[in-house]
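> what's the 3D shape of this:
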Amino acid sequence: MKHYQEVIGLIRAGVIPALGCTEPGAVALAAAYAKQAFGDMDIAEGQITVSVDPNVYKNGLAVGVPGTGQAGLAIAAALGFLIGDPGQELSLLSGITPGLLEQAKVMTQTGKVSILLNDKQGLYIEVIAKAGDTTARSVIAGNHTKLVSLQFNGTDIISAADNIASTARSKFCGDDVSLGELINAVEAAPYAELVFLEECVSMNLAAAAAGLTGRLGMAVGAHLQDLISENVLANDLVHYAKILTAAGADARMSGETIPVMSVAGSGNHGLTATLPVVAVGERMNISREKTIRALAVSAAVTLYIKNFTGSLSALCGCAVAAATGASAAIVWMLDGTTEQINGTIKNMIANLTGMICDGGKVGCALKLATAAGVAVETALLTLKNVVVPCSNGIILQSTDATIRNLGLVSNPGMVHTDKIILDIMLEKSKVFLNPDL
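Residues are numbered from 1 along each chain as shown. The predicted model follows:
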């Protein structure tokens, strides 16, 4: 883990392209695996049942599915099954055609796709496809792309036991490695090992540009830009980072067919972990190589934190993980000391830990704007040696121990909160489905 080759390999595995919200994307992927196991299936005679954990359900309830004009997990599952190409992972829905979309709509409208809520803790998606006496079952668990079980008529094609080694390799932290060692590994890596992150910059900036020019979603980024043009807000570094990051979320959460580079299985995490860093790099005239290396620092810190907070929780991971990664990267990029990098992580955790996740939706652009602005502002304050004392709240002298405390706040601390959030959202959805209630 302490060698740069392993760390860069883990960053590569955790930074991948994604189209649309990754919870519907993961459901589509699980359905594609089931289709792969099933082979030919007459949809008119078949049934697809999808069972998801509360957080996948929450994040898929109101977010647009790219290329469909619809929201929800059912249409994603139908399309994933029809496309049937799990090799595309979280970019699977880029394979939508008008014909497939019409078939998927028929499937959902005729009750061929059922979405069930289970009580699993942590990311868990099970898809069961049945037609006559034939059954295929797939399970994705732990993260958005990790297939842990695939069965055909009850016989394992892939089992959880087959994935033990893979799970061990994907572990990003533990008692044998510290956050500092991960950053040291990024610093030691030859630049040639990091140039793959160039795609992060181009892809996520393209999403931000689309959000701005198209005034997509809630147009949070575009409206912030308008306020600068009207001389209401300052055209400063903090607002530039907020505009880019919010505009990327505006594009992504609106359901447009616009890919972004995800981090830790989330496109919004990817936007938050990268665009504030890019904004600072541009405005501060930082070299391209140093900016790219800073993005690796951001990804490493984000993935490290997510290993403690979990893939999905009641905490907004864009705030507590991705923005913290961005802030650490900005301090690193501006030649901050190790103590200052640790300080900005503590400051971010002291500041944004209370931000909740209430599902994926266009309003996420507001949270990403807040997280991006705080990431930049906190980095700049920390470089002035403004650091919250370890006597405060959940902050400890050790940054690694502070992150572990954050993990405890997430789980078990916020488990009941998560349930209440979901209950509220489910009750509200009844009103939207039945306006007369």
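> list the contacts for the most centrally placed residue in the chain?
The centroid of the chain falls nearest to Ser266 when counting by Cα atoms, centre = their mean (1.3 Å). The contact partners of Ser266, taken as Cβ atoms under 8 Å, 6 or more residues apart in numbering, are Ala18, Thr22, His144, Gly317, Cys318, Ala322. C-betas here are computed from N, CA, C, even on glycine.
> what pLDDT does the fourth one get?
Read that as Gly317. pLDDT, the model's per-residue confidence, is 95 for Gly317.
> same check, this time on the third one
Here, the pLDDT recorded for His144 equals 92.
> what phi and what psi does the backbone show at it?
Main-chain dihedrals, His144, degrees, to the nearest 10: phi -70, psi -20.
> shaky segments in this structure?
Scanning the chain for pLDDT under 70 picks out the ranges 1-2, 42-44, 160-176, 431-437.
> show me what contacts the closest residue to Pro54 other than its chain neighbours?
Once flanking residues are discounted, Pro54 sits nearest to Leu422: 5.0 Å by Cβ to Cβ, 6 or more residues apart in numbering. Shown in contact with Leu422 (Cβ under 8 Å, 6+ apart): Pro54, Tyr57, Lys58.
> one more: Lys242?
Lys242 touches Gly221, Leu224, Ala369, Thr370, Ala372, Gly373, counting by Cβ under 8 Å, 6+ apart.
> OK, contacts around the fourth one?
Same thing as Thr370. Lys242, Ala319, Leu352, Met355.
> try 10 Å this time
Lys242, Thr245, Ala246, Cys316, Cys318, Ala319, Ala323, Leu352, Met355 (Cβ atoms under 10 Å, 6 or more residues apart in numbering).
> and the residues you listed, which are buried?
For the contacts of Thr370, a neighbour count by 16 or more other Cβ atoms under 10 Å gives the buried set as Lys242, Thr245, Ala246, Cys316, Cys318, Ala319, Ala323, Leu352, Met355.
> from the residues you listed, which land in helices?
With DSSP state H as the criterion, helices contain Lys242, Thr245, Ala246, Ala323, Leu352 from among the buried ones among the contacts of Thr370.
> leaving out sequence neighbours, find the closest residue to the last one.
Leaving aside its chain neighbours, Leu352 sits nearest to Ala319 (4.1 Å; criterion: Cβ to Cβ, 6+ apart).
> ok, which stretches of the stretch 301-437 of the chain are helices?
Using DSSP state H, counting those that start in this stretch, the helices of the stretch 301-437 of the chain run over residues 317, 323-333, 338-352, 364-382, 399-408, 415-433.
> now those helices in CSV, with distance to Ala104?
Compiled in CSV, the helices of the stretch 301-437 of the chain are given as follows (distance: least, Cβ to Cβ, whole Å):
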stretch, distance to Ala104
helix 317, 29
helix 323-333, 35
helix 338-352, 38
helix 364-382, 25
helix 399-408, 38
helix 415-433, 20
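> go through the ones you listed and pick out the most buried.
helix 323-333 (a mean of 31; mean count of other Cβ atoms under 10 Å).
> burial count for Leu295?
Here the count is done by other Cβ atoms under 10 Å, and Leu295 has 30 residues near it.
> tell me which helix or strand it sits in.
Applying DSSP states H and E as the criterion places Leu295 in helix 288-309.
> who's in contact with whichever helix or strand comes after that helix?
Later in the chain than helix 288-309, the nearest helix or strand by DSSP H and E is helix 317. Contacts to helix 317, defined as Cβ under 10 Å, 6+ apart, come from residues 263-266, 268-269, 272, 302, 305-306, 309-311, 323-324, 355, 357, 371, 410.
> apply 7 Å and report the result again.
Residues external to helix 317 that are found in contact with it (Cβ atoms under 7 Å, 6 or more residues apart in numbering): Ser266, His269, Lys306, Thr309, Cys357.
> what of stretch 76-87?
Residues outside stretch 76-87 that contact it (Cβ under 7 Å, 6+ apart) are 24, 27-29, 31-36, 48, 50, 65, 92-93, 95-96, 100, 103-104, 107-108, 113, 127, 129.
> among those residues, name the ones in helices.
Among the contacts of stretch 76-87, the members found in helices (DSSP H) are 24, 27-29, 31-36, 100, 103-104, 107-108.
> how does this protein divide into domains?
By the assignment in automatic domain parsing, the chain contains the domains 18-168, 172-424.
> and Ile11, which of the ones you listed is closest to it?
Comparing the domains of the chain by their distance to Ile11 (Cβ to Cβ), the top pick is domain 172-424, with 4.9 Å.
> count of residues packed around Ser138?
By the measure other Cβ under 10 Å, the count of residues near Ser138 is 28.
> sorry, wrong one. I was asking about Met284.
By other Cβ under 10 Å, 12 other residues sit near Met284.
> tell me which residues touch it, please.
Contacts for Met284 (Cβ under 7 Å, 6+ apart) come out as Leu334.
> one more: Pro17?
Counted by Cβ under 7 Å, 6+ apart, Pro17 has contacts Leu90, Ser91, Met203, Pro259, Met261.
> please redo it, this time with the cut-off set to 6 Å
Ser91, Pro259, Met261 (Cβ atoms under 6 Å, 6 or more residues apart in numbering).
> now swap in Val301 and tell me
Contacts of Val301 (Cβ under 6 Å, 6+ apart): Gly325, Ala328.
> swap in 7 Å and give it another go.
By Cβ under 7 Å, 6+ apart, the neighbours of Val301 are Leu179, Thr324, Gly325, Ala328.
> please tell me how far the first one sits from Gly25.
Leu179 sits 29 Å away from Gly25, going by Cβ to Cβ, to the nearest Å.
> Ala206 now?
Counting by Cβ to Cβ - Ala206 and Gly25 are separated by 18 Å.
> so for these two, which residue has more residues nearby?
When Ala206 and Gly25 are compared for neighbours, Gly25 comes out ahead with 28 against 15, by other Cβ under 10 Å.
> what's the closest non-adjacent residue to that one?
Nearest to Gly25 is Leu90, by Cβ to Cβ, 6+ apart, at 4.5 Å.
> same question, Leu396
Thr402 (4.9 Å).
> buried residues in stretch 77-86, which are they?
Quick answer for stretch 77-86 (16+ other Cβ under 10 Å): Ala77, Ala78, Leu79, Gly80, Phe81, Leu82, Ile83, Gly84, Pro86.
> stretch 99-113 now?
By neighbour count with 16+ other Cβ under 10 Å, stretch 99-113 contains the buried residues Leu100, Leu101, Gln103, Ala104, Lys105, Met107, Thr108, Lys112, Val113.
> so which of those residues comes closest to Ser429?
Of all the buried residues of stretch 99-113, Thr108 has the smallest distance to Ser429: 15.8 Å, by Cβ to Cβ.
> now do the same contact list for the closest one.
With Cβ under 7 Å, 6+ apart, Thr108 has these contacts: Ala74, Ile75, Ala78.
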